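> Let me see the structure of the following:
(one chain, ligands or ions: 1)
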Amino acid sequence: MIDFGIVGQGLAGSWLAMTLIQAGYSVLVIDDAQPDSASRIAAGLLNPVTGPRLTLSPHYPHDWHYSIARYRALESQLSTPFLTEYPMSRLLNNASERVQLAQRLQNPLFASLVSPSLPPAGWQSEFGAITYPAHQLNMTVYLDAIRDFLKANKALTTTTVSLDDCIVETDTVRWGAHRFSALIFCSGARDVAQRWFSEIELKPAKGEIVEIECPGLSPAQIVNWGHWLCPSDTGLFKLGASAYWQWSTPEPDPKHVAHLVADLRSRLTIPFKVGKATAGIRPSARNRRAIYGFSRQSPRIGCITGLGGTGTITSPLIAERFVQAWRNTPFFPLRLL
Ligand SMILES: Cc1cc2nc3c(=O)[nH]c(=O)nc-3n(C[C@H](O)[C@H](O)[C@H](O)COP(=O)(O)OP(=O)(O)OC[C@H]3O[C@@H](n4cnc5c(N)ncnc54)[C@H](O)[C@@H]3O)c2cc1C
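The predicted structure is shown next:
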C-alpha cells in the first residue's frame, strides 16, 4: 500500500509530494498535465507588498524567508535553478497611495524592506515609485523538474482521476490497482473533490497574461502598478494579470486582454509589440484563505486548495503544515493557513 495518493501536480501537489517524500512517506501523484492549469499559466511572482494600500504580506518576514529557503534547498536537491530575485518597482498611482506610503513607512518592518525611488527608465509615474526585492519562480522549469524527479522515482502517473473510480474503504482508498492510506486532492479550481468538501466555498478567479516584446526595456526588473510587467523565459515580457469571477469560456477574453494592453500603454513610454495571450483559473476561496485537511464525511480523503493568487509563496508553507499536522493527528479536520 502507498501512504499518499495526490491528485494534481500544480504548485500545491508538487510541494505536498516533495515534502511527504522528504519526510519518508511513499507517494503516487496522479496528474493529467492540463497545459492551462493555474500553475502553468502563472507568472510565478513572489511579491511581499500588494494592492492599492501597499499591504505587507501576512507571511512576511518569517514564513516568507522560510518558503524562499525551501525553494533554494529544492534547487540544490534537483540541481536546477528556478527562482530569481529581482528588484520590483511599484509605481504609485495617485496622491492617496503617496499618503498610504508615508503611513506604511512608519512601520519599521515595512521601512526595512521598501525604499522610495524614481520610476525606472522608460516608465512614467507622476507620483513616484518604491523599490523592494521580489522573486520570480520559473513555473515551467520548476514544475518540469518536479515532474522528472517524480517520474524517476516511479511516483507519477499521467491520467485523469474520476471520482467514481475512487473507492473509500474502512482503512484504505482504492483507485484502480492502487491502494492508498489517504488520497489528497490538489486539483486546483477544477472542483473535483466537492462531493467530499461541501463546506469549502471556492470562488475561482479567471486571469489573463499577455506576451510583450519590448527590446528597449531592461529584462532585470519587475514593474508593478496594480498590473505588472515581468521577465519571461522566452526573452519577452509577461503583462498581467486580469482577475474576475464570471466568464463564459476558459479562453483568453479579448476585452480583458485589450484592457491590460491599454493600461500598459498609459505607463510605458517605450514602443512595444503585443504577442499571445493565455488564461487560467485561480483556485481562490471565498474567505481568501488557503485550506488543508481531511473530509468530515470521508476522513481518508484530503485536500489542499484555495491558494488563490499567491500559490508560489503559500504552497511550501501549506505542505509543511500539512505534514506536521498529519504527524500529530492523522486525518485531521480542515484548517486554514
Ligand atoms: C493569470 C494568473 C496569474 C497568476 N500569477 C501568479 C503569481 O504571479 N504568483 C503567484 O503566487 N500565483 C499566481 N497565480 C496563482 C497560482 O497560479 C495559483 O495559486 C496556483 O497555481 C494554484 O495551484 P494548484 O496546485 O492549487 O492548482 P493548479 O495549478 O490548477 O494545479 C492542479 C493540477 O491538478 C491537475 N488535475 C486537476 N484535476 C485533475 C484530475 N481529476 N485528475 C488528474 N489531474 C487533475 C491539473 O492538470 C493541474 O496540473 C496566478 C494565476 C493566474 C490564473
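
> Any idea what Leu45 is bridged to?
Each beta-bridge partner of Leu45 is listed here, defined by DSSP bridges: Gln136.

> the strands in the stretch 1-150 of the chain, which residues?
Taking DSSP state E, counting those that start in this stretch to define them, one finds strands in the stretch 1-150 of the chain at 2-7, 27-31, 45-46, 49-50, 55-56, 83-91, 115-117, 129-137.

> okay, those strands in JSON lines with mean pLDDT next?
Written out in JSON lines, the entries for those read as follows (pLDDT from 0 to 100):
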{"stretch": "strand 2-7", "mean pLDDT": "98"}
{"stretch": "strand 27-31", "mean pLDDT": "98"}
{"stretch": "strand 45-46", "mean pLDDT": "98"}
{"stretch": "strand 49-50", "mean pLDDT": "96"}
{"stretch": "strand 55-56", "mean pLDDT": "96"}
{"stretch": "strand 83-91", "mean pLDDT": "97"}
{"stretch": "strand 115-117", "mean pLDDT": "95"}
{"stretch": "strand 129-137", "mean pLDDT": "97"}
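
> Now do the strands for the stretch 151-300 of the chain: every range, in order, please.
In the stretch 151-300 of the chain, the strands defined using DSSP E, counting those that start in this stretch lie at 156-158, 166-168, 173-175, 178-185, 205-213, 222-224, 228-231, 237-240, 273-282, 291-294.

> will you turn the strands of the stretch 1-150 of the chain into CSV that also has mean neighbour count?
The C-beta positions use only the backbone N, C-alpha and C, and glycine is treated the same way. CSV is the format used below for those (neighbours: other C-beta atoms under 10 Å):
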stretch, mean neighbour count
strand 2-7, 23
strand 27-31, 23
strand 45-46, 22
strand 49-50, 18
strand 55-56, 16
strand 83-91, 20
strand 115-117, 13
strand 129-137, 20
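
> The ones you listed: which one's closest to the ligand?
Distances from the ligand to each of these were compared using C-beta to the nearest ligand atom; the minimum, 3.5 Å, belongs to strand 45-46.

> which residues touch the nearest residue to Leu137 once chain neighbours are set aside?
On the basis of C-beta to C-beta, 6 or more residues apart in numbering, the spatially nearest residue to Leu137 that is not a chain neighbour turns out to be Gly44, at 3.7 Å. Neighbour list for Gly44: Gln136, Leu137, Asn138, Met139, Tyr142, Thr312 [criterion: C-beta atoms under 8 Å, 6 or more residues apart in numbering].

> can you pull the pLDDT of the residue of the stretch 151-300 of the chain found nearest the ligand?
For the stretch 151-300 of the chain, the residue positioned closest to the ligand under C-beta to the nearest ligand atom is Gly188, at a distance of 2.2 Å. Per-residue confidence for Gly188 comes out at a pLDDT of 94.

> Number of residues surrounding the closest residue to it other than its chain neighbours?
For Gly188, the nearest residue in space outside its immediate sequence neighbours is Pro283; the separation is 4.6 Å by C-beta to C-beta, 6+ apart. Counted by other C-beta atoms under 10 Å, the residues lying close to Pro283 total 31.

> my read: Pro283 touches Leu307, true?
Yes. Applying C-beta atoms under 8 Å, one finds Pro283 in contact with Leu307, separated by 5.8 Å.

> can you pull the contacts of the residue lying closest to Ile146 once chain neighbours are set aside?
Computed as C-beta to C-beta, 6+ apart, the closest residue to Ile146 that is not its neighbour in sequence is Ser14, at 4.4 Å. Counting by C-beta under 8 Å, 6+ apart, Ser14 makes contact with Ser39, Tyr142, Leu143, Ile146, Ser315.

> Adding pLDDT, neighbour count and distance to the ligand, write those residues out as JSON lines.
Conversion of the contacts of Ser14 to JSON lines gives the following (pLDDT from 0 to 100; neighbours: other C-beta atoms under 10 Å; distance: C-beta to the nearest ligand atom, whole Å):
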{"residue": "Ser39", "pLDDT": "97", "neighbour count": "27", "distance to the ligand": "3"}
{"residue": "Tyr142", "pLDDT": "98", "neighbour count": "23", "distance to the ligand": "11"}
{"residue": "Leu143", "pLDDT": "98", "neighbour count": "23", "distance to the ligand": "8"}
{"residue": "Ile146", "pLDDT": "98", "neighbour count": "23", "distance to the ligand": "11"}
{"residue": "Ser315", "pLDDT": "98", "neighbour count": "28", "distance to the ligand": "7"}
